[in-house]
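**Q** Structure here, sequence nowhere to be found:
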Ligand code: NAI
């Protein structure tokens, strides 16, 4: 049987790495697209130990001109792309009063998180439509609870994720009849390099009851959900938002 393949942006570490590992374990061949020229030390081994093929492509998703080469690298490696995990993203350059938010910092968050992700999804969707399906197909975008919950000290990040959320809905409508599942995954507070600088703050908030599940999320919590969505078993749920946040976003009194 032909093995399905997946592109994971920002797959070198954190949530993206966990998605790559979970998808490899689920039988996907894996292309990790990240900023570095070469794969991170030990990364290929974490993928091939599951019997998966591993490929790497250097790509800054904000550079739209690099998208064609990324898609070509995946087609050259595997012959087809069956799953795209839009995971690459950056936090706010500065956390602070939104009245002091700088245009350059706003532009950076939007260029990577929203514009880059949107146009890469477009390029991969076209490539999917140009090749016959060998398995269930999906485009899975990692947004954040910040797509719906405001944090005035990093409004740029929230806006980038809220925009991405609306992109996912539109893309789901466009691709529904093509049988390509389009999903938004919204992590809550996940222990990765992105949150390491504010871990003391989140420790205190979690101790104080912010997260009903009373713990940090782990990257593997997100990876497991992504692998399940990519399996095709949730095909008729296309356009859905899946929270991976320990009930953080559930409104309560
Ligand atoms: P991280 O900072 O640990 O890893 C991000 C990865 O993306 C790195 O490998 C980095 O090199 C890569 N990357 C960054 N900019 C890129 C670009 N322009 N092109 C290609 N690759 C790029 O972050 P983490 O925590 O693993 O986050 C992954 C995704 O999950 C992000 O979209 C983030 O916004 C989202 N998220 C994270 C949460 C958390 O608590 N850690 C919570 C909610 C969402």
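**A** Right, received. Where do you want to start? Owing to the predicted nature of the structure, the values given are computational and were not obtained by experimental measurement.
**Q** Starting from the lengthiest strand in the chain, tell me which strands it pairs with and how they run.
**A** Assignment by DSSP state E gives strand 180-187 as the longest strand of the chain. Partners of strand 180-187 in the sheet, by DSSP bridges, are strand 137-142 (parallel), strand 241-244 (parallel).
**Q** is the next helix or strand after that strand anywhere near the ligand?
**A** Per DSSP states H and E, the first helix or strand lying C-terminal to strand 180-187 is strand 190-191. Yes: for strand 190-191, a contact with the ligand is found by Cβ under 6 Å from any ligand atom, at residue 190. Where you see a C-beta, it was placed from the backbone N, CA and C, and this is true even at glycine.
**Q** what packs against strand 190-191?
**A** strand 217-218, helix 219-230 (3 or more Cβ pairs under 8 Å, 6 or more residues apart in numbering; DSSP states H and E).
**Q** Just send those back as CSV, with mean pLDDT and mean neighbour count too.
**A** Converted to CSV, these look like this (pLDDT from 0 to 100; neighbours: other Cβ atoms under 10 Å):
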stretch, mean pLDDT, mean neighbour count
strand 217-218, 98, 18
helix 219-230, 98, 23
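**Q** want to throw the ones you listed into TSV with distance to residue 207?
**A** Listed next are these as TSV, based on distance: least, Cβ to Cβ, whole Å:
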stretch	distance to residue 207
strand 217-218	15
helix 219-230	19
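**Q** need these in a markdown table with distance to the ligand, can you?
**A** As requested, the helices and strands packed on strand 190-191 are arranged in a markdown table below (distance: least, Cβ to the nearest ligand atom, whole Å):
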| stretch | distance to the ligand |
| --- | --- |
| strand 217-218 | 7 |
| helix 219-230 | 6 |
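**Q** To residue 80, which of the ones you listed lies closest?
**A** helix 219-230 (14.0 Å; Cβ to Cβ).
**Q** what does that closest one contact?
**A** Helix 219-230 has contacts (Cβ atoms under 8 Å, 6 or more residues apart in numbering) with 4, 6, 14-15, 17-23, 25-26, 28, 82-83, 85, 136, 138, 140, 142, 181, 183, 185, 187, 190-192, 234, 242, 244.
**Q** rewinding a little: to residue 60, which of the helices and strands packed on strand 190-191 lies closest?
**A** helix 219-230 (21.7 Å).
**Q** from the chain's centre, how far out does the closest one sit?
**A** Between the centre of helix 219-230 and the centre of its chain there are 10 Å (Cα atoms, centre = their mean, to the nearest Å).
**Q** same question, stretch 82-95
**A** 6 Å.
**Q** mean confidence for that stretch?
**A** Stretch 82-95 carries an average pLDDT of 97.
**Q** What count of nearby residues applies to the residue in the stretch 51-200 of the chain that the ligand sits nearest to?
**A** In the stretch 51-200 of the chain, the residue that lies nearest the ligand is residue 89 (2.3 Å; Cβ to the nearest ligand atom). Applying other Cβ atoms under 10 Å, we find 26 residues neighbouring residue 89.
**Q** Is it in contact with residue 115, as I believe?
**A** No: at 11.8 Å, residue 89 does not count as touching residue 115 under the criterion of Cβ atoms under 8 Å.
**Q** Show me which positions of stretch 49-62 end up buried.
**A** Residues 50, 52, 53, 54, 55, 56, 57, 59, 60, 61, 62 are the ones in stretch 49-62 that count as buried (16 or more other Cβ atoms under 10 Å).
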